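Visitor: Attaching a predicted model along with its sequence, questions to come.
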Amino acid sequence: MATLTRVEFVPSAPPYPYQSPPPPPPPPDRPNNPQTIRSTRRTSLGKHICNVVTLVFLVATVVSFIVWLLYWDRMRSVYLPQFKVESATVSQLNSEGSLLTSTWDITLLATNPNRKHKIFFDNALAGVAYLYGDTSILLGQTQPLQRHFSLDERNNGRVDIKLELVRKSFADGVVKQISNDRSRRLVRFDVALIAYEKFKARLVPSIHYRLKLLCPVDFGFPGNNVTGVLTGLSRCTTVR
């Protein structure tokens with residue numbers, strides 16, 4: 001006897017009324033070409049180098065400008081040292097025909113008027129001259145003085161000069177005129193000082209000058225005194 005199977009029919013779902021969204025695009029392929037990778041790296045490295053160079057240039061420009069301002073301020077405030085004769089004597093002044101004998105002892109007082117610069121002096125030489133007519137006759141000069149001496153800011157210092165002549169020959173007219181001045185009890189000699197000076201301040205380069213001073217000194221011979229002494233005030237002038 002045959003068995004009957006019951007079959008049930010289920011109605012299907014209605015179709016979806018909307019279209020499904022398109023699938024996302026695939027990710028871009030990374031360049032696998034070695035030449036492309038190297039080119040990209042070179043471009044990036046070049047940009048970094050350019051940025052670094054630009055930054056260094058800007059920093060150097062700012063630093064240079066600051067240094068220039070400091071240097072200009074220091075240059076504007078530089079003053080030459082001031083000298084004057086503090087004491088002076090001339091002894092054993094004697095003439096024999098065209099021969100002259102004498103000893104000078106002179107002390108110069110030097111002043112540094114600068115507030116920011118210290119002054120160093122090197123290879124200083126001193127000499128004594130006599131004005132004969134319109135010609136300055138160099139009677140003698142010293143050996144180099146103190147090899148190095150300096151003046152601090154707003155400070156004073158002394159320079160000692162000693163010069164000896166023993167029967168040194170000059171033109172007859174020169175020695176005779178000195179002897180005549182001596183008999184009138186007043187003789188003027190010119191004291192000269194030559195040195196190389198360096199102005200040094202912080203944070204800026206040093207400034208170099210060649211210093212040349214001329215100090216006219218009047219020596220008086222009171223009474224029968226054989227030693228002439230400084231008469232009046234003697235200030236030194238800078239000769240260029």
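Guide: That came in fine, so what should we check first? Numbering: from 1, shown residues only.
Visitor: how close does the residue most central in space within the chain get to residue 82?
Guide: With distances taken as CA atoms, centre = their mean, residue 206 lies nearest the centre of the chain, 1.7 Å away. Distance, residue 206 to residue 82, by CB to CB, to the nearest Å: 20 Å. Any C-beta I mention is one placed from the backbone N, CA and C, and that applies to glycine too.
Visitor: can you check residue 226 too?
Guide: Distance of residue 226 to residue 82, computed by CB to CB: 33 Å.
Visitor: Between those two, which is the more surrounded one?
Guide: Higher neighbour count among residue 226 and residue 82: residue 82, with 15 against 12, using other CB atoms under 10 Å.
Visitor: Do you know the pLDDT at the more buried one?
Guide: Per-residue pLDDT puts residue 82 at 92.
Visitor: go on, the one 4 residues further on?
Guide: At residue 86, the pLDDT value in this model is 94.
Visitor: check which helix or strand covers it.
Guide: strand 82-96 (DSSP states H and E).
Visitor: Check the burial of the nearest residue to residue 124 once chain neighbours are set aside by counting its neighbours.
Guide: Spatial nearest neighbour of residue 124, excluding adjacent residues (CB to CB, 6 or more residues apart in numbering): residue 195 at 3.8 Å. The burial count assigned to residue 195 is 21, neighbours taken as other CB under 10 Å.
Visitor: and what of the one 4 residues further on?
Guide: Residue 199 is surrounded by 23 other residues when neighbours are defined as other CB under 10 Å.
Visitor: Next: the one 3 residues further on.
Guide: Other residues near residue 202 come to 9 when the count uses other CB under 10 Å.
Visitor: What does the pLDDT read for the closest residue to it other than its chain neighbours?
Guide: Excluding its sequence neighbours, the residue lying closest to residue 202 (CB to CB, 6+ apart) is residue 116, at 7.8 Å. Per-residue pLDDT puts residue 116 at 83.
Visitor: Would you list the phi and psi of residue 116?
Guide: Here the main-chain torsion angles of residue 116 (degrees, to the nearest 10) amount to phi -120, psi -10.
Visitor: Hmm, residue 153 and it touching each other?
Guide: Yes. With contact defined as CB atoms under 8 Å, residue 116 counts as touching residue 153 (6.6 Å).
Visitor: How is the protein divided into domains?
Guide: According to automatic domain parsing, the chain comprises the domains 33-76, 82-238.
Visitor: Out of the ones you listed, name the one with the poorest average pLDDT.
Guide: Among the domains of the chain, domain 33-76 scores lowest, with a mean of 72.
Visitor: Deepest in the core, which of the domains of the chain is it.
Guide: Of all those, domain 82-238 has the most neighbours on average by mean count of other CB atoms under 10 Å, namely a mean of 16.
Visitor: quick one: residue 176 is in a helix?
Guide: Yes. Counting by DSSP: H, G, I helix; E, B strand; the rest coil, residue 176 is found in a helix.
Visitor: how about the helix or strand encompassing residue 105 as PDB, C-alpha atoms only?
Guide: Assigned by DSSP H and E, residue 105 belongs to strand 99-112. Taking C-alpha atoms only, strand 99-112 is exported to PDB below (Å, rounded to 0.1, in the frame of the first residue of the first chain):
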ATOM      1  CA  LEU A  99     129.300 117.300  22.300                       C
ATOM      2  CA  LEU A 100     126.300 117.100  24.600                       C
ATOM      3  CA  THR A 101     125.900 115.200  27.900                       C
ATOM      4  CA  SER A 102     122.600 114.900  29.700                       C
ATOM      5  CA  THR A 103     120.200 112.600  31.600                       C
ATOM      6  CA  TRP A 104     116.500 112.800  31.500                       C
ATOM      7  CA  ASP A 105     114.100 111.100  34.000                       C
ATOM      8  CA  ILE A 106     110.500 111.400  33.000                       C
ATOM      9  CA  THR A 107     107.300 109.900  34.200                       C
ATOM     10  CA  LEU A 108     104.100 109.900  32.100                       C
ATOM     11  CA  LEU A 109     100.700 109.400  33.600                       C
ATOM     12  CA  ALA A 110      98.400 107.500  31.200                       C
ATOM     13  CA  THR A 111      94.600 107.400  31.600                       C
ATOM     14  CA  ASN A 112      92.200 105.000  30.000                       C
END
